[in-house]
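[1] The amino acid sequence is not available; the structure is as follows:
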């Protein structure tokens with residue numbers, strides 16, 4: 001039923017300056033692979049056939065990464081690196097990837113609104129570029145949410161119970177009835193400040209499957225004090241009218257939107273990489289002795 005995924009990548013990545021002055025944050029590598037490629041691969045492995053990536057005018061490197069480079073592939077084959085050439089070809093063969101350009105940042109809801117005509121009245125997945133999520137040996141998180149949507153026919157928010165310090169930086173569910181991993185969403189508290197009691201620890205972690213009427217609720221969502229429209233506000237409005245579910249997915253989330261999360265991702269992915277695992281383990285053992 002669900003064959004489309006939308007990936008917003010138009011932000012400036014100011015927390016990673018000066019690196020992101022010329023390089024899109026989503027293209028910063030985790031070991032040897034851009035973070036965005038992990039996210040695209042998650043969508044493809046979930047059965048997604050069409051992907052729309054929202055970029056800003058300065059992020060042409062994203063387009064170039066997912067485009068074929070016949071000259072480079074030929075050079076690699078000529079120099080005996082056919083395996084690397086095949087790896088590069090696989091990047092572009094994953095799905096039909098299209099792009100939309102956002103000139104002005106006006107919040108996550110305004111970003112998702114760019115997908116309206118492309119979605120064509122169909123449900124679609126949304127994967128935010130700040131979150132790399134892996135589920136070794138299990139179904140990708142997007143596939144889990146797609147299955148949840150096909151059982152509920154309501155927008156689905158991917159959540160996990162998170163420690164308070166993380167929950168306060170994200171959207172926190174105000175749940176209604178719960179059954180297993182499914183939770184009715186009564187409302188959403190976006191980035192609750194210190195001193196405000198948390199309604200739950202069910203925290204939105206950058207993965208959604210949205211019903212087609214989400215665009216109506218984005219249109220009806222008032223802008224915040226800074227003039228931005230947030231997807232969580234639109235989902236909270238949708239929850240009160242047509243219903244929204246939160247689904248507790250299986251997998252480990254790496255928050256690569258902040259420096260510590262990005263470093264942790266590189267260490268843990270490096271420990272899984274056969275080219276770096278042994279050397280990194282030895283280094284960490286030596287470091288631990290200091």
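    Great, that's in hand. Nothing here was measured: the structure is a model prediction, and the numbers come from that model.
[2] All the helices of this structure, in order from the start?
    All helices of the chain, identified by DSSP state H, fall at 35-45, 60-65, 70-78, 82-92, 108-113, 116-119, 141-152, 164-167, 214-220, 231-241, 259-272, 277-289.
[3] okay if I get those as CSV plus mean neighbour count and distance to residue 130?
    Any C-beta I mention is one placed from the backbone N, CA and C, and that applies to glycine too. Output for those, formatted as CSV (neighbours: other CB atoms under 10 Å; distance: least, CB to CB, whole Å):
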stretch, mean neighbour count, distance to residue 130
helix 35-45, 21, 9
helix 60-65, 15, 15
helix 70-78, 13, 29
helix 82-92, 14, 21
helix 108-113, 23, 11
helix 116-119, 14, 22
helix 141-152, 21, 14
helix 164-167, 15, 13
helix 214-220, 19, 20
helix 231-241, 22, 13
helix 259-272, 16, 9
helix 277-289, 10, 24
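[4] looking at the ones you listed, which has the lowest confidence?
    Lowest mean pLDDT of the helices of the chain: helix 82-92, a mean of 71.
[5] give me every residue that touches residue 168.
    191, 192, 193, 194, 198 (CB atoms under 8 Å, 6 or more residues apart in numbering).
[6] which of these count as buried?
    The neighbour-count test (16 or more other CB atoms under 10 Å) marks residue 192 as buried among the contacts of residue 168.
[7] closest to residue 2 out of the helices of the chain?
    helix 141-152 (4.8 Å; CB to CB).
[8] just checking, what packs against that closest one?
    Packing partners of helix 141-152 (3 or more CB pairs under 8 Å, 6 or more residues apart in numbering; DSSP states H and E): helix 35-45, strand 124-127, strand 155-161, strand 202-210, strand 244-248.
[9] how about a cut-off of 10 Å?
    Under the contact definition 3 or more CB pairs under 10 Å, 6 or more residues apart in numbering; DSSP states H and E, helix 141-152 sits against helix 35-45, strand 124-127, strand 131-134, strand 155-161, strand 182-190, strand 202-210, strand 244-248.
[10] Tell me which of the ones you listed sits most buried.
    Highest mean neighbour count of these: strand 124-127, a mean of 27 (counted as mean count of other CB atoms under 10 Å).
[11] any idea of the mean pLDDT in it?
    pLDDT averaged over strand 124-127 gives 97.
[12] And stretch 16-31, by the same measure?
    Rounded mean pLDDT across stretch 16-31 is 89.
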